[in-house]
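**Student:** starting from these lines, generate the structure:
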Amino acid sequence: MANVEPVQIVEIDIDYCTLSYGTGACTAVLGTTGVRKCFNTFATCQAKTAFDKGTKTIRFITPTASVPKGNTVYFPALTSVSAFSTSVNINGFNPKYGALGKRAKVTVNLKDFAYHDRYMDKYQSERVDGTAQTDEGGYDPATRGSFFTKFKSRFPFYSGRPMRVIDGYLDGGTLTVLQTRYFIITDMKGPNDNGNVTIEAKDVLTLAEKKSAIAPNISTGEISRDLLIADTTLVLTPTGIGSTYPTSGYARIGDEIVSYTRSGDDVTLTLRGMFNTDIQDHKEGDTFQEVIVYSDTTIANVLEDLLTNYTDIDPSYFPVSDWQAEIARWNSTLDLNAVIAEPTPVADLIGELAILGVSIWWDDVDQKIKMKAAKPIDPDTVVLSINDDQNIKSITQEDQDQDRITQLHFYTVQSDPTQGVKDKGNYDRITITIDAEAEQENSYNDTKIKEIFCRWLNAGADAAVRIRSQRYLFRFNTSPKLFKIKLDAKDIDIGLTDVLDVSSRVITDETGKPIPTKLEIIQKSEPIAGHEVDLVAQAYYYEGKFGYITENTAPSYDSATDAQKEYDCYLTDEAGVVFTDDPYVII
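**Tutor:** Presented below is the predicted three-dimensional model:
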């Protein structure tokens, strides 16, 4: 073990053309399309229609006495990787964390260096002998510029590209990876006068927060003439713009929503004045804006549609089957019906979905966008038990009384989807749920109202609203408590929304006796990578004994196994079986 040394590696993937200059599909001709051969990047390509995108991975490593064995190229230019932090907004309830929580952010610091280009340039030897250019003779690439000045010139499109931070150790040149975290590059600064370069990156969900990530897409087609109330056809302008629309769907003209079919630029309006909007006259030049309509669908399906069709996120990050299974179990009766009548940030729409009882976050180790329903702890949930004596380096408790609520006002069924989403007057229904006991003089003696404006339940779903309102009050009718916990690196595998079973001196009953308490992680950071992990957790509010209604083939309670009693739910009456342990809780 004497040769063991910790190491960090940063990997960046860049687009790199698989073709060779002037060969095969590449139509570039030296001296005609350019005075020098390309560098196999899109910015330097001379036959862009033939660009065949592949991937080249660039690896930076902390300067050490050795590098991993093998033929992989590592550049010993990595000087530091900043602490990183990420959070999840549980059920979208806390506005301080944003619709999708706070993005995990990392800053990588590197040192620039002179470089001969052998790994980065397919035609490096031809630059030296002069056959790769017609404007000059041969030259030594190592004496021109530096690694990063050339990199940024050849590859200016680094924003949005994948980056990985790898923590591990070397043992006699053999690399053992302890953890790999995945990010998206957002900025690159430098090199400055001292040769310092800084790369900033965030987690993949930052692509859902881009200004361009909106749904529906902004439509640019206009009606070519005045459209009267009696008209059922129109022509889009400018010529050819019709190809940017689907062949059928929904659209908005002014404050009117219509359904249509399209052939070329010719549009037939199949229905006018839809979704409680008025049939109106419209002027030449009015925008024909595409509209999204969701009918009797699930949270999982809407999330997949928004991320797939309206963001640049790679669909390989979407564990759709996992989302669907989670929703099928915990929100199977919740049907979404909504009309998105104007371009809206995808992050805002997902935040609205979260209010219906799901948490959505990026898992930077599993490389997946995760979804978790508000629910009791499943029997298969991984729960780490920690205590003051063995795991906890420090723990503090903070009450969040500003987040406490005594009333929930839940607005549903939009009157007109073209009007304001947070306009009380634009909803036909309001469900008010009150915790009268919490408002009493001997309790908090105050009223704290939380308003939720929901466009996703336009078919009503009153029962679902009542259930969710009761669950929210159940969680927030007392001051929410946050716990800040510092643990050793051995607990680094803990992730967002994981549940901890905590026994600590700061959580006691009225006698001062510590009470084992379940906490859900909402924020994680590593101030010293690979050494410590800081957590922020909140009380897991679904403590108790929960279970599914048992199948007809299940044994009676007296004959059931402990596992069946844990997973299945049994009902009884006063004359029936008396539970030998805690009764089940219905939520």
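**Student:** now do the helix or strand where Leu353 lies: distance to the chain's middle.
**Tutor:** Leu353 belongs to helix 346-354 when assigned by DSSP states H and E. Relative to its chain's centre, helix 346-354 lies at 10 Å (CA atoms, centre = their mean, to the nearest Å).
**Student:** any idea how far Trp362 lies from Glu520?
**Tutor:** 17 Å (CB to CB, to the nearest Å). Every residue, glycine included, has its C-beta placed from N, CA and C.
**Student:** sorry, back to before: what strands line up against the helix or strand just after the helix holding Leu353, and which way round?
**Tutor:** Sequence order places strand 358-363 as the next helix or strand after helix 346-354, per DSSP H and E. Next to strand 358-363 in the sheet, as set by DSSP bridges, lie strand 368-373 (antiparallel).
**Student:** show me what the helix or strand that the strand it pairs with is followed by is in contact with.
**Tutor:** Downstream of strand 368-373, the next assigned helix or strand under DSSP H and E is strand 383-387. Here strand 383-387 makes contact (CB atoms under 8 Å, 6 or more residues apart in numbering) with 377, 392, 485, 487, 491, 494, 498-504, 518.
**Student:** tell me the buried residues in stretch 28-39?
**Tutor:** Of the residues in stretch 28-39, 28, 30, 34, 36-39 count as buried by neighbour count, 16 or more other CB atoms under 10 Å.
**Student:** of those residues, which pair is most distant in space?
**Tutor:** Leu30 and Phe39 (13.6 Å; CB to CB).
**Student:** can you find the helix or strand in the chain with the smallest mean pLDDT?
**Tutor:** Every helix and strand of the chain was ranked by mean pLDDT, DSSP states H and E. The lowest is strand 548-549, at a mean of 64.
**Student:** where along this protein do the helices fall?
**Tutor:** 124-129, 147-154, 299-310, 320-330, 346-354, 436-439, 462-476, 562-567 (DSSP state H).
**Student:** looking at the ones you listed, which is buried most?
**Tutor:** helix 346-354 (a mean of 22; mean count of other CB atoms under 10 Å).
**Student:** between that helix and strand 368-373, how many degrees?
**Tutor:** Angle, helix 346-354 to strand 368-373, by axes from the mean of the first three to the mean of the last three CA atoms, to 10 degrees: 30 degrees.
**Student:** contacts for helix 346-354 next, please.
**Tutor:** Residues contacting helix 346-354 (CB under 8 Å, 6+ apart): 89, 91-93, 98-100, 208-209, 213-215, 299, 302-303, 306-307, 310-311, 340, 360, 454-456.
**Student:** let's see that with 6 Å instead.
**Tutor:** 91-92, 99-100, 208-209, 213, 215, 299, 306, 310-311, 360 (CB atoms under 6 Å, 6 or more residues apart in numbering).
**Student:** can I assume Phe476 is in contact with Ile405?
**Tutor:** Yes - assessed by CB atoms under 6 Å, Phe476 is found in contact with Ile405 at 4.7 Å.
**Student:** any chance of the buried residues of stretch 28-39 in a markdown table with distance to Ile253 as columns?
**Tutor:** Shown next, in a markdown table, are the buried residues of stretch 28-39 (distance: CB to CB, whole Å):
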| residue | distance to Ile253 |
| --- | --- |
| Ala28 | 47 |
| Leu30 | 54 |
| Gly34 | 48 |
| Arg36 | 53 |
| Lys37 | 52 |
| Cys38 | 47 |
| Phe39 | 49 |
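**Student:** for Asp366, state which of those residues is nearest.
**Tutor:** Of all the buried residues of stretch 28-39, Phe39 has the smallest distance to Asp366: 34.7 Å, by CB to CB.
**Student:** where do the strands sit along the stretch 101-250 of the chain?
**Tutor:** Counting by DSSP state E, counting those that start in this stretch, the stretch 101-250 of the chain has strands at residues 105-111, 162-171, 174-189, 196-202, 214-215, 222-223, 233-237, 248-253.
**Student:** could you point out which of these sits nearest Ser20?
**Tutor:** Among these, the nearest to Ser20 by CB to CB is strand 162-171 (25.1 Å).
**Student:** what residues sit buried inside that closest one?
**Tutor:** In strand 162-171, counting by 16+ other CB under 10 Å, buried: 162-170.
**Student:** and it with strand 174-189, angle?
**Tutor:** 150 degrees.
**Student:** just how off-centre is strand 162-171 within its chain?
**Tutor:** The mean C-alpha position of strand 162-171 is separated from the chain mean by 23 Å, CA atoms, centre = their mean.
**Student:** got it, and stretch 67-83?
**Tutor:** From the chain centre to the centre of stretch 67-83 is a distance of 28 Å (CA atoms, centre = their mean).
**Student:** can you tell me what sits against it?
**Tutor:** Taking CB under 6 Å, 6+ apart as the rule, stretch 67-83 contacts 8, 10, 59-63, 106-111, 113, 119, 165, 173, 175, 526-527.
**Student:** mind listing what's buried in that stretch?
**Tutor:** Using 16+ other CB under 10 Å as the test for burial, stretch 67-83 gives 67-68, 74-75, 77-78, 81-82.
**Student:** ok, now stretch 283-303?
**Tutor:** 286-294, 298-300, 302-303.
**Student:** again, but for stretch 135-151
**Tutor:** Result for stretch 135-151 [16+ other CB under 10 Å]: buried residues 141, 145, 147-148, 150-151.
**Student:** so how far is that stretch from its chain's centroid?
**Tutor:** Distance of stretch 135-151 from the chain centroid (CA atoms, centre = their mean) equals 40 Å.
**Student:** measure that stretch end to end?
**Tutor:** In stretch 135-151, first residue to last residue: 21 Å (CA to CA, to the nearest Å).
**Student:** what comes into contact with it?
**Tutor:** Under the criterion CB under 6 Å, 6+ apart, residues 35, 112-117, 127-130, 191, 197 lie in contact with stretch 135-151.
**Student:** wait, what's in contact with the residue nearest to Gly242 when sequence neighbours are not counted?
**Tutor:** The shortest distance from Gly242 to any non-neighbouring residue, by CB to CB, 6 or more residues apart in numbering, is to Asp265 (4.0 Å). By CB under 6 Å, 6+ apart, the contact set of Asp265 is 235-236, 242.
**Student:** try 10 Å this time
**Tutor:** By CB atoms under 10 Å, 6 or more residues apart in numbering, Asp265 lies in contact with 221, 224, 234-243, 245.
**Student:** so where's the stretch 451-587 of the chain shaky on pLDDT?
**Tutor:** The model of the stretch 451-587 of the chain has pLDDT under 70 over residues 489-492, 528-530, 541-550, 563, 565-568, 570, 572-587.
**Student:** at 90 what do you get?
**Tutor:** 460-461, 463-464, 466-481, 487-501, 509, 515-518, 520, 524-533, 538-587 (pLDDT under 90).
**Student:** where's Asp231 relative to Ser224, distance?
**Tutor:** For Asp231, the distance to Ser224 equals 12 Å [CB to CB].
**Student:** follow-up on the earlier one: just the buried residues of stretch 283-303 now: which is nearest Ile185?
**Tutor:** Leu303 (24.6 Å).
**Student:** surely the closest one and Val320 touch.
**Tutor:** Yes - Leu303 lies in contact with Val320 (CB atoms under 10 Å); the separation is 8.5 Å.
**Student:** what do these two both touch?
**Tutor:** With CB under 10 Å, 6+ apart, Leu303 and Val320 have common neighbours 369, 371.
**Student:** of Trp362 and Glu520, which one has the most company?
**Tutor:** Trp362 (27 against 20; other CB atoms under 10 Å).
**Student:** contacts only, for the more buried one.
**Tutor:** Per CB under 10 Å, 6+ apart, neighbours of Trp362: 86, 88, 100-101, 103-104, 182-184, 202-206, 208, 313, 317, 368-370, 496.
**Student:** ok so, going back, anything in contact with each of Leu30 and Phe39?
**Tutor:** Common neighbours of Leu30 and Phe39, counting by CB under 10 Å, 6+ apart, are 21, 132.
**Student:** Leu175 against Thr64, yeah?
**Tutor:** No - using CB under 10 Å, Leu175 is not in contact with Thr64; the gap is 11.0 Å.
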